[in-house]
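Student: okay, sequence plus prediction incoming.
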Amino acid sequence: MDSSSNQPVNPTPTPTPIVDEKAVMQYLSQMGFKQTESMFRQEASRSQLSNEHFHTSDVSTMYPSNYRLIKPEEYKQSYSNLRNMIEQSLDKFKGELHSVLYPIFVHEYLEMITKDLNEYASDFFNTYQSDHIIHEKELKTLRVITHPHHVNENELAQKFRSKKFTVKMSQTSLDILLDLLQSNSLLLRIVNQNIKIDKIEVRQGGGLGASHTDIGFPGFDTEELEEFNKQEVQLGPLPIEPSFRDEIEKKLSEEDRKMIEAAESQANGISKPFTSLQQEFNEKIRREQQNSDVPDRASIPLPSYKGADVHSQIEIIKDMTQRIELGPSSLPSICFYNFHNTHDSLNCISISEDSSLIAGGFSDSYVKIWSLKDEKLRGLKSQIKPSEINSVYDLENARENPGSDYKKLLGHSGPVFGLSFSPDNKYLVSCSADSTARLWSTDTYTNLVCFKGHNSPVWDVEFSPMGFYFVTAGHDRTARIWSCDHIFPLRIFVGHMSDVDCVKFHPNTKYIVTGSSDKSIRMWDIQRGSCFRILSGHTGSICCLAISSDGRLLASGGDDEMIILWDLGTGKLIKKMTGHTDFINSLAFSKEDSLLVSGSADNTVRIWDVKKSYSNDLLNDGWGKVQSLSISNKPKTPTATTAATATAITAATTTTTATTNEAATNVTTTLENENANLVNPSMSSSSSTIKQPKSKSSASSDLLKTLPTKKSPVYKIHFNGRNICLAAGSFTSSEEEKLYYEQMIKQMNKQKENKKQQDNDEETEKS
Amino acid sequence: MRILKKVSSFLSRNMDRLFPKETIKNTAESIGITNLKDNVAATLALDVEYRIHEIIQEANKFMRHSKRTKLTGEDINNALHVRNVDPLYGFTLNDNSKFQRVTTNQHDLFYVDDDEYEFENLIDSTMPKLPTEVTFTAHWLAVEGVQPAIPHNPPPLLSEGIVTETRKKVPTNTIVQVPNGVVTGTPEIEVKPLVQHILSKELQLFYEKVINTMQSEDDSRLRVSVLNSLEHDTGLAQLLPYFIRFICEKIGQNIKKNSIIVNSMLNMTDSLINNNSLFPEPYLHQLMPAILTCVVRKKIGVDFDKHWETRELAAHILAKICDRFGASYNTLQPRITRTLLSAFTDPSKSLSTHYGCIVAMGALGREVIRSILVPNLKTYSEILSLHKNSPEALRCYNAIVDILPKLKETIDPSVNNQMRDEDLRQKLVDKIGEYFAKGVMSQIGDEQVIMAIINC
């Protein structure tokens, strides 16, 4: 037994023609050697796996019922083993490996049905269907197949059986897959028979994040992802509450009257251009009401408005009247806040909505808040009695005097990775590697709540645009919605295949958008907790996201140094913007969504034109666009393309021969197929475009301006209500410069002391 | 067994693995397992590599979320923590671990070069000082899309974030008023500007640092970065008059005794002239005498040999100034050439002065050589013959012969020489005298150059 089972792994197996096996089998059955026969069948089936070209012309013989004795549980077991192993593999290869799961899932299911293992089949289906959410339509069809007859009749099932499902994989991923499959003959057989694996060259960043459309059946429309992204979403702004609106209007008309009076008393009859706040507000409401796809207000429970909310709305309207219109011809002013002496310990920066406070999260587990208004921060005293506070003056008295330059918030027990101010600036929420999020008050500068729920580091946190809710994203591959008044998460969003690195609330609070290390972006409904959009196009982890204030556009920046602009409504990629030469740390749209500003670890702030599109048509899928990009960059002659094709094919064939020599591994890698020829050059050409961002010349044409900083990686970009851009970064210095800098500080301090000394001396003399 | 075999075949296919099985065997031996089988080691090597990849992947995430581009020991420890593994102690504090390489048995081994400390010394030593507080400063990175040329922003030429030079940061933007604009550190200068000048404390400190560095005779690294800063920083306009004054002062003080300081002053001038954001025209009248002095003074410094290079450097700067400001300041070059000519033709001046003049004329370009140097060579050869065979004379002679080929471009190469060699030589002797003609004929020998000299 042992020696025979070793046969398939023998590097030089003795070629046993299938005809001979059949003859032997016939002979055995005729003679009634049942046990020998079954043993022989079993062994023959294994040796068949090792054959490079396994042909079965008749589909119905594909799963003979006595093919091999497979226990019904084995299907589920083998699938879940493979799934677990893929889940645990490195992020770099996960995407590629994951693509093989779907055909395996379908084939196992069909095989179970053919074998009349209905119960097991449906159990299996129900357990794992959530893995393949983008194939939802096909799943629905498969779901109804419950009888062996159906398998033969159903179009989809027949398609799976008659054609080979194409999967693309790099050499390393293929090696890993083979390794995983070694111990599992069932899966190995399915992969051999039904899946075609095209090898691709390893690209920068690796993985197959760029496109799902290359995977599937050749020549058949596999637009499940597109289909999936057609689900209806309501991207319009959240309608304003009528009573809230009335109250704001009342206040605004008062303000207007005051301003007119003031203007009249000052200007002595000279009429100045004057914008009525009330008009501005009505204009805004009217614009919002034009949207047809507004979400139902009741779908997002929010606490009722407070007086402070009215006040803050009025401030927003006031800012709107003084807003500078920005566009490609009028670029923004950018104020840069540069942090010193951080020694690489500053992890994140957040600026409050009204630009009065700035907070930094440090790897030494604390959060620091500074004022941007050059004021002292004055927290409430610790021994305050609410009963004694009756007026504003009492509250003022209860504050510390004289206050301090900054406040240090202690509480976390790990590096702080994310910070977000609430829209009313009353709270700050922080998240940390200690797998908690903490809510801090900016009145008392103390910790209010510690939210425990994640079970590994929390990477990002964001307050909802309406306050009250916030969302966290973490290393445990989930994003979670919390409300300030519950210590447990309200929703958990599961689906990403790797860490959720960044998270952003949609302006209407109905959705959140998450970016992950699995190179994809997902949009989720916070009420239902289900995924509505999957956007893939990045070739690296997603580092940051920004959504335009009208809620239609999404910008994402990745560690592939690329910014991608998406249309959330259609789920389509609008354009790729290249030019940065390092990770992109932060993105922000200007208030009227005409410009995008990005901050990167390459020490630059860049301004991009949102509206300008490529001259090439944008209706193609992701790959088409990349190709058109490469063509527009350097026009290729036809000969060059064919040469590229030739090299791609030779490269691929050499790898094929390499595997053929390895008789132990026998996954069919077919390249004679025309389709492969068509796809491979596109792969190689796109790989060249992806590498191009490294060179300076490849900056795309919609880059309006590059603003370098002095050795300061940019951490955060923020637009205030008046369209002034605030950027923040941390100065990194070499050892030599640090020394120099310290010397300078020392000298300065010495001079200060000297001066003080002199002053003191003078004073003493006087006295 | 079967799986192992496959794994080893898998391994043999990928020979360039990160960890060869020998590494595993070595490690195993070090903990007392001597007879580790090959296939076991190979499997372990695969697994070790996988785990290492896994840790690096996790650590990478920590690095990215800390907005850094350099992986640190801290990141690795965080990654280990996430994977529920004990952290590695002792690798976190060192900012830049420098790996040393040793080669043993043709294998490269890398290790971190750690100093050994006595524990007692460590305990007894004073506490290290507290790190400075994290602070922030604000400045305009862009005003309506245009980057203002302030010291906080990198100079416009070095865009694209590839700022590689070591330059300094002027940290805060608090502006203080200096009474009378007197710059501390140079008490001998009495400055009484009519307009009150506001000079920030930081600029003052910067100024002080610069002048201290330039006056010190060591620390060349810092000096290079200072010069670099003077050449590229955009925000130095306010300091320019002080720098110019300082340069003139120092050259005046040190020209007799210390050629090193004179040289560094000249370097500083060079940097300032090269800085495109500075406009030194108004101060040229202060600067020129000092530089001309460096060219033509009889004696520079105490060293016998060093002054030659000082003169060459000064001559170079002189030419650069003429080149850059000649157009806007049209009396500049005539004045300089006049000075040079009078010194050159004066037999009572020392040969070192003559040498300076020659080099300066050479640097100023062929027009000056053509119109001033060549016509005077005949008379000069007589002067030189007085000092025949002294090393200085030889130097002057060589300098002249060296710069004459610059005239080559004045002549049209297509015009063919019709003269015989003898005629040519005779004409050359007539033009520049026997002494130089000999040198030109033997050392240059190019007909075109000779033609050019004759045609002057």
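Tutor: That came in fine, so what should we check first?
Student: quick check: mean pLDDT of the host helix or strand of residue A:448?
Tutor: Using DSSP states H and E, residue A:448 sits in strand A:447-452. In this model, strand A:447-452 has a mean pLDDT of 94.
Student: ok, then the element right after it?
Tutor: strand A:458-463.
Student: what about that next one, near chain B?
Tutor: Yes: contact of strand A:458-463 with chain B (C-beta under 8 Å from any C-beta of the partner chain) involves residue A:459. Where you see a C-beta, it was placed from the backbone N, CA and C, and this is true even at glycine.
Student: can you name every helix or strand that that strand contacts?
Tutor: strand A:416-421, strand A:427-432, strand A:436-441, strand A:469-474, strand A:500-505 (3 or more C-beta pairs under 8 Å, 6 or more residues apart in numbering or on different chains; DSSP states H and E).
Student: show me which positions of that strand end up buried.
Tutor: Using 16 or more other C-beta atoms under 10 Å in any protein chain shown as the test for burial, strand A:458-463 gives A:458-463.
Student: from those, which is closest to chain B?
Tutor: residue A:459 (5.4 Å; C-beta to the nearest C-beta).
Student: residues touching that closest one, list them.
Tutor: By C-beta atoms under 8 Å, 6 or more residues apart in numbering or on different chains, the residues touching residue A:459 are A:417-418, A:431, A:473-475, A:499-502, B:61, B:65.
Student: grab the nearest non-local neighbour of the residue in chain B positioned nearest to chain A.
Tutor: For chain B and chain A, the shortest gap (C-beta to the nearest C-beta) falls at residue B:145, measuring 2.5 Å. Leaving aside its chain neighbours, residue B:145 sits nearest to residue A:331 (2.5 Å; criterion: C-beta to C-beta, 6 or more residues apart in numbering or on different chains).
Student: figure out how far the helix or strand encompassing residue B:229 is from the centre of its chain.
Tutor: In this structure, residue B:229 sits in helix B:220-232 according to DSSP H and E. For helix B:220-232, the distance from its own C-alpha centre to the chain's C-alpha centre is 7 Å (C-alpha atoms, centre = their mean, to the nearest Å).
Student: what packs against it?
Tutor: By 3+ C-beta pairs under 8 Å, 6+ apart, helix B:220-232 packs against helix A:735-766, helix B:201-215, helix B:259-274.
Student: give me that answer again for 6 Å
Tutor: helix B:201-215, helix B:259-274 (3 or more C-beta pairs under 6 Å, 6 or more residues apart in numbering or on different chains; DSSP states H and E).
Student: make a markdown table from those and add mean pLDDT to it.
Tutor: Shown next, in a markdown table, are these (pLDDT from 0 to 100):
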| stretch | mean pLDDT |
| --- | --- |
| helix B:201-215 | 85 |
| helix B:259-274 | 86 |
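Student: those helices: which one's closest to residue B:99?
Tutor: Among the helices and strands packed on helix B:220-232, the nearest to residue B:99 by C-beta to C-beta is helix B:201-215 (32.8 Å).
Student: for chain A, tell me whether the closest one is touching it.
Tutor: Yes: taking C-beta under 6 Å from any C-beta of the partner chain as the criterion, helix B:201-215 and chain A are in contact, through residue B:205.
Student: buried ones in that helix, by neighbour count?
Tutor: B:201-211, B:213-214.
Student: any idea how far that helix is from the middle of the chain?
Tutor: Distance, centroid of helix B:201-215 to centroid of chain: 18 Å (C-alpha atoms, centre = their mean).
Student: about what we covered before: and which of the buried residues of strand A:458-463 is nearest residue A:516?
Tutor: residue A:459 (9.9 Å).
Student: quickly note the distance from the nearest residue to residue A:476 once chain neighbours are set aside to residue B:221.
Tutor: Excluding the flanking residues, the one nearest residue A:476 by C-beta to C-beta, 6+ apart is residue A:456, at 4.7 Å. As judged by C-beta to C-beta, to the nearest Å, residue A:456 and residue B:221 stand 45 Å apart.
Student: more neighbours: which of the two?
Tutor: residue A:456 (18 against 10; other C-beta atoms under 10 Å in any protein chain shown).
Student: spell out which residues of chain A are next to chain B.
Tutor: Counting by C-beta under 6 Å from any C-beta, chain A sits next to chain B at A:9, A:90-91, A:182, A:331, A:333-342, A:344, A:347, A:363, A:417, A:456, A:459, A:585, A:601-604, A:664, A:705, A:707-708, A:710, A:715, A:744, A:747.
Student: ChimeraX command for the buried members of the residues you listed?
Tutor: Command for ChimeraX, covering only those of the residues of chain A next to chain B found buried under the criterion 16+ other C-beta under 10 Å:
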select /A:9,90,91,182,331,333,334,335,336,337,338,339,340,341,342,344,347,363,417,456,459,585,601,602,603,604,664,705,707,708,710,715,744
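Student: among the residues of chain A next to chain B, which ones are in strands?
Tutor: Residues of the residues of chain A next to chain B located in strands (DSSP state E): A:334-340, A:347, A:417, A:459, A:585, A:604, A:705, A:707-708, A:715.
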